[in-house]
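Engineer: sequence-free structure coming up:
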Ligand SMILES: Nc1ncnc2c1ncn2[C@@H]1O[C@H](COP(=O)(O)OP(=O)(O)OP(=O)(O)O)[C@@H](O)[C@H]1O
Ligand SMILES: [Mg+2]
């Protein structure tokens, strides 16, 4: 991959009322890199992803994508700024924990909505792109189904195809497997592994330790609004610097092995 | 041909005028209602306030007074509008107020995640509404909107108060010239019932179709 950064965020601050949720977060992701974010509930992982996409407006900080920068502390509004924000949203695709597929559209319509409405591709080309992406996530045969007919794992795979259809610089995934039954998680994780192997730039919030160990180039640990630690996966999972991460991992692996214990006993 | 005390051609013409009044006001009122619903959920405070004020006035006052104000009152201010346009204008404003609430309810019922998904992919506000939000809002609001249409059809009988020769007016004049009020009003009532039964059937078919698309 190149050394070019897919996205740069500097000094992101975000507060909800009295609660300071992000306290000066810096994050740069190289093109082709897979960054995994972990951390306890409420530490600001979701808020960080939403700020990168500007779905949530940071109180201060800058977000740069493809050489275009939004300075969030500049309070201005107006058309130029709205345009800039939209450009950054177009280039940073979100995948939500709850899928958020459009229920009134078929699978293929969901995937081609962005290419048609936002990227303005000609319809035959958009459909070609859509079909190729559905094939990549293993759902070519579901193209004319409505989302309500799909399993959770299939829905999330459609959501991933929909995100890729925007041809984004970076895909932001917020706990993509957390709503899924354990037996459906594998199919989604497999799709993400394939994407990682193809060099898709991703920022993934997840609690899937084995998966993170395998695909992450870097693991970030968030704690109450800060990035507390940042390591290659091997170091992060075997020899983290902070005791905070250590105890978090102990808790996580404890929770993870419980079902196995249950099954054994 | 003096069937039920009403000459058939007059009856049919009254029926046609009633249907036209109801349909035209419903179509215009839906457009107005959609715009007002958007104003109601807009980020611009004056727009929201204007929408609230409009809905409050037109829902909170009798339709008969509204229609008489338009037809008899406005000429006093130098604005003279013929009976049928007066009726359509009033019914549009009146139904627009109710329909805006139905639309708003439908829009608010759309899952927040839908706005987020649409926003995150950079859809413009207009496209987000047109492609993602409205199609879902309409499905939720359809039963209420259908009921509004049916109520509006019956409300058009108030146009008789401003000399519009619609179904009620036809019955009234036939009754007063023949003194066969029972037959005249029963025939008119049957006319409304026919229109509204057809509308109900159409509504049910539409709801079935839209429900199917989701499943
Ligand atoms: N829109 C909001 N309004 C008010 N508070 C919010 C809002 N969104 C998030 N918060 C608060 O900000 C904090 C961080 O939330 P966030 O969702 O980013 O955490 P998270 O790390 O993703 O947690 P989880 O692992 O539970 O998903 C939480 O305390 C949350 O209650
Ligand atoms: Mg979260």
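Structural biologist: Arrived safely. Not measured: the values here are computed from a predicted model. Ligands and ions are numbered 1, 2, ... in the order given.
Engineer: Leaving out chain neighbours, which residue sits closest to residue B:26?
Structural biologist: residue B:149 (5.1 Å; C-beta to C-beta, 6 or more residues apart in numbering or on different chains). (Each C-beta comes from the backbone N, C-alpha and C, glycine too.)
Engineer: ugh, wrong one, I meant residue B:164
Structural biologist: Distance criterion C-beta to C-beta, 6+ apart; nearest residue to residue B:164, sequence neighbours excluded, is residue B:83 at 4.7 Å.
Engineer: The one you found and residue B:52, how far apart?
Structural biologist: Distance, residue B:83 to residue B:52, by C-beta to C-beta, to the nearest Å: 31 Å.
Engineer: Quick check on these two: which one has the bigger neighbour count.
Structural biologist: Relative neighbour count places residue B:83 above the other of residue B:83 and residue B:52, with 17 against 13, counting by other C-beta atoms under 10 Å in any protein chain shown.
Engineer: Now residue A:15: phi and psi?
Structural biologist: Backbone torsions for residue A:15, taken as degrees, to the nearest 10, come to phi -130, psi 140.
Engineer: The residue nearest the centre of chain B: helix or strand, and which one exactly?
Structural biologist: The structure's chain B has its C-alpha centroid closest to residue B:26; by C-alpha atoms, centre = their mean the separation is 3.5 Å. Using DSSP states H and E, residue B:26 sits in helix B:8-40.
Engineer: Residue B:171 too?
Structural biologist: In the assignment (DSSP H and E), residue B:171 maps to helix B:167-178.
Engineer: and that helix, which residues are buried?
Structural biologist: With burial defined by 16 or more other C-beta atoms under 10 Å in any protein chain shown, the residues of helix B:167-178 counted as buried are B:167-175.
Engineer: helices and strands around whichever helix or strand comes after that helix, which ones?
Structural biologist: Tracing the chain C-terminally past helix B:167-178 and defining elements by DSSP H and E, one meets helix B:181-214 next. Packing partners of helix B:181-214 (3 or more C-beta pairs under 8 Å, 6 or more residues apart in numbering or on different chains; DSSP states H and E): helix B:8-40, helix B:134-155, helix B:167-178.
Engineer: What segments of chain A are strands?
Structural biologist: Assignment of strands within chain A using DSSP state E yields the ranges A:5-16, A:19-30, A:34-38, A:60-65, A:68-71, A:92-95, A:170-174, A:202-205, A:218-223, A:226-231.
Engineer: Between strand A:19-30 and the fourth one, find me the angle.
Structural biologist: Read it as strand A:60-65. Interaxial angle, strand A:60-65 versus strand A:19-30 (axes from the mean of the first three to the mean of the last three C-alpha atoms, to 10 degrees): 30 degrees.
Engineer: Quick one: distance of strand A:60-65 to the chain centre.
Structural biologist: Relative to its parent chain, strand A:60-65 has a centroid offset of 17 Å by C-alpha atoms, centre = their mean, to the nearest Å.
Engineer: for the fifth one, same thing?
Structural biologist: Between the mean C-alpha point of strand A:68-71 and the mean C-alpha point of its chain there is a distance of 20 Å (C-alpha atoms, centre = their mean).
Engineer: elements contacting it?
Structural biologist: Judged by 3+ C-beta pairs under 8 Å, 6+ apart, strand A:68-71 is in contact with strand A:60-65, helix A:79-91.
Engineer: Comparing those by mean pLDDT, which bottoms out?
Structural biologist: Comparing mean pLDDT across the helices and strands packed on strand A:68-71, the weakest is helix A:79-91, with a mean of 90.
Engineer: Check residue B:214 and give its pLDDT.
Structural biologist: The model's pLDDT for residue B:214 equals 69.
Engineer: name the helices or strands packed onto the helix or strand following the helix holding residue B:26?
Structural biologist: Using DSSP H and E, the next helix or strand after helix B:8-40 towards the C-terminus is helix B:45-60. The elements that helix B:45-60 packs onto, with contact taken as 3+ C-beta pairs under 8 Å, 6+ apart, are helix B:8-40, helix B:83-109.
Engineer: and of the ones you listed, who's closest to residue A:129?
Structural biologist: Nearest of the helices and strands packed on helix B:45-60 to residue A:129, taken as C-beta to C-beta: helix B:83-109 at 30.8 Å.
Engineer: wait, isn't residue B:97 in contact with residue B:59?
Structural biologist: Yes - contact criterion C-beta atoms under 8 Å: residue B:97 and residue B:59 qualify, at 5.0 Å.
Engineer: These two: which is more packed in?
Structural biologist: residue B:97 (21 against 12).
Engineer: Quick check: closest non-adjacent residue to that one.
Structural biologist: Using C-beta to C-beta, 6+ apart, the nearest residue to residue B:97 is residue B:58, at 3.7 Å.
Engineer: burial of the one you found, as a residue count?
Structural biologist: 19.
Engineer: ok, now residue A:86?
Structural biologist: 17.
Engineer: residues touching it, list them.
Structural biologist: Shown in contact with residue A:86 (C-beta atoms under 8 Å, 6 or more residues apart in numbering or on different chains): B:122, B:124.
Engineer: again with residue A:93
Structural biologist: Going by C-beta under 8 Å, 6+ apart, residue A:93 touches A:53, A:162-164, A:166, A:168, A:170-172, B:120-121.
Engineer: Please determine how far it is located from residue B:120.
Structural biologist: 7 Å.
Engineer: so what sits against both of the two?
Structural biologist: Residues touching both residue A:93 and residue B:120 (C-beta under 8 Å, 6+ apart) are residue A:53.
Engineer: So what angle separates the directions of the helix holding residue B:26 and helix B:181-214?
Structural biologist: For helix B:8-40 against helix B:181-214, the angle by the same axes, to 10 degrees is 40 degrees.
Engineer: and helix B:8-40, what does it pack onto?
Structural biologist: Counting by 3+ C-beta pairs under 8 Å, 6+ apart, the packing neighbours recorded for helix B:8-40 are helix B:45-60, helix B:83-109, helix B:134-155, helix B:167-178, helix B:181-214.
Engineer: what's the pLDDT at residue A:2?
Structural biologist: Looking at residue A:2, the pLDDT reads 53.
Engineer: ok, now residue A:35?
Structural biologist: Residue A:35 carries a pLDDT score of 98 in this model.
Engineer: And for residue A:183?
Structural biologist: For residue A:183, the predicted pLDDT is 87.
Engineer: State the distance from it to residue A:215.
Structural biologist: Here residue A:183 is placed at a distance of 20 Å from residue A:215 (C-beta to C-beta).
Engineer: which of these two has more neighbours?
Structural biologist: The residue with more neighbours, out of residue A:183 and residue A:215, is residue A:215; 21 against 9, by other C-beta under 10 Å.
Engineer: Residue B:150 against residue B:201, yeah?
Structural biologist: No - counting by C-beta under 8 Å, residue B:201 is not a contact partner of residue B:150; they are 11.4 Å apart.
Engineer: okay, those two: which has more neighbours?
Structural biologist: Ranked by neighbour count (other C-beta under 10 Å), residue B:150 and residue B:201 place residue B:150 first, with 18 against 10.
Engineer: any idea how far residue B:191 is from the more buried one?
Structural biologist: 14 Å.
Engineer: do residue B:44 as well
Structural biologist: Per C-beta to C-beta, residue B:44 is found 44 Å from residue B:191.
Engineer: Between these two, which is the more surrounded one?
Structural biologist: Neighbour comparison, residue B:44 and residue B:191: the larger count goes to residue B:191, with 22 against 9 (by other C-beta under 10 Å).
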